[in-house]
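Colleague: A structural model of the following input is requested.
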Amino acid sequence: MTTVAPAVAEGSAQLIGSQVAMKEGSGTGASAEENADKCDQLLRAPIGVEEVRKDKDGVIESRQWKIAETSGNPIWIVARTPSEDSPKNAWQPKPGITNLLFNPPLNEVLEPDKPEYLAYAPVDVVNVSDSEQFDSMTGAFGTGIGTFKWRDRSYSYVLVKELPCFKPAKEN
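Modeller: Purely as a prediction, here's the structure:
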């Protein structure tokens, strides 16, 4: 794609940032059982999760996370690409990410050197799996703050500071 993401009206990135801060600052009021149901849903219908960060020059990098079943409890792990030229910490520059038409633009929502987790699920529900993924995202990560297009499909996305439900694996 060569289309550049449209500019967002001035102030919308700040508005979204304050909505994210409000969400993080307030408890959900959900019971332990409701939280367990949301986490079980996430296991049944996994969604896309990437850790994204922007450096002071505006370059966005990401690395993918997934849930792994280990002996005992599920954990979040970095999904590494097995190749000799991929960095050990799995961070990869994403220069083409602006081609995904993020609205609001990811570059405006991310703060330099403050990584966040980007969770996403299909917005255009065409089958049961799409519906379950959308429910997984909104249940575990919260309501989407925006959309993007990938392979001619629209996705809802949300940014959070911590992964929900399960502990992340310790990095080597």
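Colleague: C-alpha only now, for contacts and for neighbours.
Modeller: OK.
Colleague: Could I get the full set of strands for the chain?
Modeller: 48-54, 60-68, 75-78, 92-93, 116-122, 146-150, 153-160 (DSSP state E).
Colleague: Show me which positions of the third one end up buried.
Modeller: Neighbour counts using 16 or more other C-alpha atoms under 10 Å place 75-78 of strand 75-78 among the buried residues.
Colleague: Low-confidence bits of this protein, can you list those?
Modeller: Along the chain, the model assigns pLDDT under 70 to residues 1-32, 81-87, 171-172.
Colleague: So which residue is dead centre in it?
Modeller: Leu118 (1.6 Å; C-alpha atoms, centre = their mean).
Colleague: List the contacts of the residue nearest to it when sequence neighbours are not counted.
Modeller: Leaving aside its chain neighbours, Leu118 sits nearest to Leu159 (4.7 Å; criterion: C-alpha to C-alpha, 6 or more residues apart in numbering). By C-alpha atoms under 8 Å, 6 or more residues apart in numbering, the residues touching Leu159 are 20, 116-119, 145.
Colleague: What count of nearby residues applies to the closest residue to Leu100 other than its chain neighbours?
Modeller: Closest residue to Leu100 apart from its sequence neighbours, by C-alpha to C-alpha, 6+ apart: Lys149 at 5.1 Å. Lys149 is flanked by 16 other residues according to other C-alpha atoms under 10 Å.
Colleague: going forward, begin numbering at 284 instead of 1
Modeller: Sure, I'll start numbering at 284, so the last one becomes Lys432.
Colleague: Quick check: bridge partners of Lys432?
Modeller: Ser437 (DSSP bridges).
Colleague: wouldn't Ala351 be in contact with Ile358 here?
Modeller: Yes - assessed by C-alpha atoms under 8 Å, Ala351 is found in contact with Ile358 at 5.5 Å.
Colleague: Looks like Ile360 contacts Leu446 (just checking).
Modeller: No - look at Ile360 against Leu446 with C-alpha under 8 Å: they stay out of range, at 10.6 Å.
Colleague: now do the same end-to-end measure for stretch 328-342.
Modeller: Start and end residues of stretch 328-342 are separated by 31 Å (C-alpha to C-alpha, to the nearest Å).
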